[in-house]
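Novice: Next comes the sequence, and after it the predicted model I'd like to discuss.
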Amino acid sequence: MNTPEPATSSHLLPVGTLLHGNYRVLRYLSSGGYGNTYAVVSVDFGQRLAVKEFFVKGVNHRAADGLTVRVSNSDNVELFRKQLARFRREAERIASLHNDHIVRVHDAFEEYGTAYYVMDYIDGETLEDRLTRQRHPFADDQARSVLMQLLDALRAVHAHGIWHLDLKPANVMIDADNRVRLIDFGASKQAQSTGGSTSSSLCYTRGYAPAEQIRVQIDRFGPWTDLYALGATLYHLLSCERPPEVDSDEYSPGIFHYPDGVGEALRRIVFWLMQPSIARRPQSAQEVIDHANGMIESPEMPESPESPESPENPESPESPENPGYPATPAPPASPRERTVKAQPLETQFRTRDRVVRRRQHILAVICIIGALLLLAAWIFSEHLKTQQPVRNVDTIVIEKKEQ
């Protein structure tokens with residue numbers, strides 16, 4: 001998904017416009033492919049809020065009054081109606097959620113030929129903007145704080161059977177107190193009681209989407225889909241690098257590159273969340289919360305390597321027997337060195353899987369052999385039973401002939 005270009009002034013509502021008789025536009029905030037967002041003030045209560053307007057770039061334009069939204073081409077009228085319905089559903093979904101880390105929707109209405117919804121105004125910036133501004137990765141404690149807040153948000157979202165499907169740093173707001181809130185549910189889907197999901201046009205951001213989303217396997221979407229995106233977001237915060245694009249069932253060696261100082265615990269959580277296989281990922285936000293709080297151990301996580309700072313780990317970080325990370329104050333590893341050191345972590349997963357499969361195959365062979373032996377014993381027993389009476393009859397016939 002490409003970053004949308006800034007909207008031109010002809011696409012925007014004029015400052016001072018009064019919406020729904022209550023919300024006066026103060027200034028323009030941002031635009032996406034399907035809408036413009038404005039800072040507004042409630043005339044009735046003096047409350048500062050934000051309003052999102054449905055406006056499809058390339059499809060809509062303003063009428064001569066500078067307010068009314070028109071469809072530029074009659075061929076796009078049906079598309080506009082479908083997307084407008086989707087926009088309403090987005091507002092309804094957010095309004096159904098009540099969590100400190102999810103933006104709240106206060107009102108929704110239609111006016112000037114389109115639809116609007118009113119939400120919290122967040123005096124802050126996106127995680128993406130903060131990374132750009134500070135020009136260095138998040139510290140471990142900051143990243144862990146963001147992780148736990150977003151896990152709390154996802155727990156609430158998933159409890160309503162909703163998948164966000166576009167979690168990324170650009171869709172998470174953070175304020176001066178480091179409180180984060182999840183925004184932009186435009187790509188979200190509502191699960192149905194039948195096990196399917198509502199159908200709407202799919203969009204995703206490469207690097208933050210797992211294989212089932214890239215392959216449009218809608219019936220396989222679930223909490224684990226958003227958790228993959230959460231892992232990619234966490235990785236970006238810790239490394240300032242774009243998450244790898246994975247559309248396969250296996251990782252290539254050296255897929256994650258971290259700067260020195262990133263703790264092993266967070267590295268392992270990223271590795272767990274971003275597993276290509278759904279079965280290897282955590283199945284719920286609560287499972288990750290419990291793991292992060294030390295309440296449970298992840299059954300899929302490889303055994304913890306020795307800490308680089310531990311005095312009981314005298315081997316050099318370059319030793320092939322040491323699966324840990326570079327010890328301080330070792331210089332930053334080159335890409336090739338990072339690749340070599342990342343191999344044991346993935347290899348442990350594959351080796352463990354091979355051992356489990358081998359044991360299962362051996363057990364299956366033993367069971368089959370045992371069943372065949374039992375069958376052979378039963379057949380032999382039945383054969384003996386049927387042969388004995390025949391021999392007795394032959395003996396009697398011979399004895400009669402001799403008489």
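Specialist: Yes, it's here.

Novice: how about the helices of the chain, start to end?
Specialist: 77-95, 127-134, 140-159, 211-214, 223-239, 264-273, 285-292, 335-402 (DSSP state H).

Novice: Single out the most deeply packed of the ones you listed.
Specialist: Comparing these by mean neighbour count (mean count of other Cβ atoms under 10 Å), helix 223-239 comes out on top with a mean of 25. (C-beta placed from N, C-alpha, C; glycine too.)

Novice: so where is the stretch 1-150 of the chain shaky, pLDDT-wise?
Specialist: Within the stretch 1-150 of the chain, the stretches falling below the threshold (pLDDT under 70) are 1-9.

Novice: ok, now with 90
Specialist: Along the stretch 1-150 of the chain, segments meeting pLDDT under 90 span 1-11, 30-35, 56-58, 79, 83, 86, 89-90, 92-94.

Novice: for the stretch 201-350 of the chain, same thing?
Specialist: 201-206, 211-219, 244-256, 292-350.

Novice: could you redo the last one with a cut-off of 80?
Specialist: Along the stretch 201-350 of the chain, segments meeting pLDDT under 80 span 201-204, 246-254, 294-350.

Novice: would CSV of the helices of the chain with distance to Gly113 be doable?
Specialist: Formatted as CSV, these follow (distance: least, Cβ to Cβ, whole Å):
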stretch, distance to Gly113
helix 77-95, 10
helix 127-134, 32
helix 140-159, 31
helix 211-214, 33
helix 223-239, 34
helix 264-273, 42
helix 285-292, 39
helix 335-402, 53
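
Novice: closest one to Leu18 among those?
Specialist: helix 77-95 (20.0 Å; Cβ to Cβ).

Novice: can you list contacts of the closest one?
Specialist: 34-35, 54, 56, 59-60, 71, 102-105, 108, 114-115, 117, 119, 160, 162, 185-186, 188, 190, 198, 200-201 (Cβ atoms under 8 Å, 6 or more residues apart in numbering).

Novice: Would you mind giving me the ChimeraX syntax to select the buried ones in these?
Specialist: Provided next is the ChimeraX selection string for whichever of the contacts of helix 77-95 are buried by 16 or more other Cβ atoms under 10 Å:
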select :34,35,54,56,59,60,71,102,103,105,108,114,115,117,119,162,185,186,188,200
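
Novice: what sits against the closest residue to Thr37 other than its chain neighbours?
Specialist: Nearest non-adjacent residue to Thr37, counting by Cβ to Cβ, 6 or more residues apart in numbering: Leu29, 4.5 Å away. Residues near Leu29 by Cβ under 8 Å, 6+ apart: 37-39, 50.

Novice: Tell me which of those fall in strands.
Specialist: 37-39, 50 (DSSP state E).

Novice: Which pair of those spans the longest distance?
Specialist: For the ones in strands among the contacts of Leu29, the farthest-apart pair by Cβ to Cβ is Thr37 and Ala39; their separation is 8.2 Å.

Novice: Scan the ones in strands among the contacts of Leu29 and report the most crowded one.
Specialist: In terms of neighbours by other Cβ atoms under 10 Å, the ones in strands among the contacts of Leu29 top out with Tyr38 at 24 neighbours.

Novice: Would you confirm that that one contacts Leu49?
Specialist: No. If you go by Cβ atoms under 8 Å, Tyr38 and Leu49 don't touch, sitting 9.5 Å apart.

Novice: circling back: of all the helices of the chain, which one comes closest to Pro169?
Specialist: Using Cβ to Cβ, the helices of the chain put helix 127-134 closest to Pro169, at 3.7 Å.

Novice: Pull the residues that contact that closest one.
Specialist: 125, 137-138, 146, 168-170, 172-174, 180, 233, 236-237, 240.

Novice: Kindly calculate the angle that that helix makes with helix 140-159.
Specialist: 170 degrees (axes from the mean of the first three to the mean of the last three Cα atoms, to 10 degrees).

Novice: quick one, helix 127-134 and helix 223-239 angle?
Specialist: 10 degrees.

Novice: Kindly export helix 127-134 (C-alpha atoms) in PDB.
Specialist: What follows is helix 127-134, C-alpha atoms only, in PDB (Å, rounded to 0.1, in the frame of the first residue of the first chain):
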ATOM      1  CA  LEU A 127       4.600   5.700  15.500                       C
ATOM      2  CA  GLU A 128       5.900   6.100  12.000                       C
ATOM      3  CA  ASP A 129       6.200   9.900  12.400                       C
ATOM      4  CA  ARG A 130       7.900   9.500  15.700                       C
ATOM      5  CA  LEU A 131      10.500   7.200  14.300                       C
ATOM      6  CA  THR A 132      11.200   9.600  11.500                       C
ATOM      7  CA  ARG A 133      11.400  12.500  13.900                       C
ATOM      8  CA  GLN A 134      13.700  10.900  16.500                       C
END
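
Novice: Mind listing the shared neighbours of Thr37 and Ala39?
Specialist: By Cβ under 8 Å, 6+ apart, the residues touching both Thr37 and Ala39 are 28-29, 50.

Novice: would you turn those residues into a markdown table with distance to Ile214?
Specialist: As requested, the shared contacts of Thr37 and Ala39 are exported to a markdown table (distance: Cβ to Cβ, whole Å):
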| residue | distance to Ile214 |
| --- | --- |
| Tyr28 | 33 |
| Leu29 | 30 |
| Ala50 | 31 |
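
Novice: that older thread, which of the helices of the chain sits closest to Tyr251?
Specialist: helix 335-402 (5.3 Å).

Novice: Could you check how far Leu363 is from Ala371?
Specialist: Remark: distance between Leu363 and Ala371 (Cβ to Cβ, to the nearest Å) = 13 Å.

Novice: Sorry, wrong one. I was asking about Asp120.
Specialist: 65 Å.

Novice: What are the neighbouring residues in contact with Val43?
Specialist: Residues in contact with Val43 (Cβ under 8 Å, 6+ apart) are 18, 21-24.
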